[in-house]
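Enquirer: Return a 3D structure for these sequence lines:
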Amino acid sequence: MAKVSKRYKALLEKIDTEKKYSFAEAISTVKGLASAKFDESVEVALNLNVDPRHADQMIRGAVVLPHGTGKTVRVAVFAKGAKMDEAKAAGADIVGNDDLVETVQGGEINFDVLVATPDCMGLVGKLGRILGPKGLMPNPKLGTVTMDVTKAVNDAKGGQVAYRVDKKGNMQAAVGKVSFSEEQIKENVEAFIAAINKAKPSTAKGRYMTNAAISLTMSPSVDMDVLEVMDIKAQ
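Expert: Down below sits the predicted model:
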């Protein structure tokens, strides 16, 4: 069993591990757990009562957080002709096609999000073995395979968070920084959870969400009242 540090033990004493905190109380509590020497990420972890082996229960998508993620996101775009100019004008960090294939094949991946126009997906397909394991393959469900490269670049740089349920029904995402105000954290978490609630499959049986927790990069998690969390809808 891993040794628990004094710092972590001290943080554990600040929370009631047997309690299901109200949404507002959980936000306030987790903000008070900041203890690292860097600006920790605020992370939400959910367990969903779905079976991702069925295509209609594979919950995957993306949501733009109202206050962004607090991270600087580097965006690369595969495009041709006028769409290359559009991507550059939108603020893409890297724009290319055949040359970008060679760069990635050479092991140079200087981006966090990859956008591609549909006519470039043949090129991107050559990089599947490299990009796939890194979670960087463009996907229409995430809005990263599109002719509207301006929107895709703006969304990525403006705080878009991709989400995907794993085979055990778990989902985790960073939804801001502890330096954000309580209200900003609250609104970001609400936006993320509202998107997950909206994505509930009609075929899901029983209670959709079985567990919901919030934490910081270096903190214990604070359990939230699942019934309250399942009531969160898009504003």
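
Enquirer: any idea how far the residue of the chain most remote from its centre is from residue 149?
Expert: No residue in the chain sits farther from the centre than residue 81, which is 30.8 Å out by Cα atoms, centre = their mean. Per Cβ to Cβ, to the nearest Å, residue 81 is found 12 Å from residue 149. C-beta: built from backbone N, CA, C; applies to glycine.

Enquirer: Which helix or strand contains the residue positioned nearest the centre of the chain?
Expert: Nearest to the mean C-alpha position of the chain, by Cα atoms, centre = their mean, lies residue 161 at 3.4 Å. Using DSSP states H and E, residue 161 falls within strand 160-164.

Enquirer: Tell me which other helices or strands that strand touches.
Expert: Counting contacts by 3 or more Cβ pairs under 8 Å, 6 or more residues apart in numbering; DSSP states H and E, strand 160-164 is packed against strand 60-64, strand 170-177, helix 182-198.

Enquirer: Comparing those, which comes out most buried?
Expert: Across those, averaging neighbours per residue (mean count of other Cβ atoms under 10 Å) puts strand 170-177 on top, at a mean of 21.

Enquirer: what about that strand, average pLDDT?
Expert: The pLDDT scores in strand 170-177 average 95.

Enquirer: And for stretch 205-220?
Expert: For stretch 205-220, mean pLDDT rounds to 94.

Enquirer: Could I get the CA-only coordinates of stretch 202-210 as PDB?
Expert: The C-alpha trace of stretch 202-210 is given here as PDB (Å, rounded to 0.1, in the frame of the first residue of the first chain):
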ATOM      1  CA  SER A 202     -32.400   6.400 -23.700                       C
ATOM      2  CA  THR A 203     -31.400   2.700 -23.300                       C
ATOM      3  CA  ALA A 204     -29.600   3.300 -20.000                       C
ATOM      4  CA  LYS A 205     -31.500   1.400 -17.200                       C
ATOM      5  CA  GLY A 206     -31.700   2.400 -13.600                       C
ATOM      6  CA  ARG A 207     -30.000   5.300 -12.000                       C
ATOM      7  CA  TYR A 208     -27.800   7.000 -14.600                       C
ATOM      8  CA  MET A 209     -25.100   8.300 -12.300                       C
ATOM      9  CA  THR A 210     -23.800   6.100  -9.400                       C
END
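
Enquirer: how about it: buried residues?
Expert: 204, 208, 209 (16 or more other Cβ atoms under 10 Å).

Enquirer: ok, back up a step: apart from its neighbours in sequence, what residue is nearest the residue nearest to the centre of the chain?
Expert: In space, and not counting its chain neighbours, residue 161 is closest to residue 173: 5.2 Å by Cβ to Cβ, 6 or more residues apart in numbering.

Enquirer: need the contact list for the one you found.
Expert: Residues in contact with residue 173 (Cβ atoms under 8 Å, 6 or more residues apart in numbering) are 43, 44, 161, 162, 163, 192.

Enquirer: Could you check how far the worst-scoring helix or strand of the chain on mean pLDDT is from the centre of its chain?
Expert: In the chain, no helix or strand scores lower on mean pLDDT, DSSP states H and E than helix 6-12, which sits at a mean of 88. Relative to the chain's own centre, helix 6-12 is displaced by 27 Å; criterion: Cα atoms, centre = their mean, to the nearest Å.

Enquirer: next one: stretch 94-103
Expert: For stretch 94-103, the distance to the chain centre is 26 Å (Cα atoms, centre = their mean).

Enquirer: what's the first-to-last distance across it?
Expert: One end of stretch 94-103 to the other measures 11 Å (Cα to Cα, to the nearest Å).

Enquirer: Name the residues of that stretch that come out as buried.
Expert: Result for stretch 94-103 [16+ other Cβ under 10 Å]: buried residues 94, 95, 96, 97, 100, 101.
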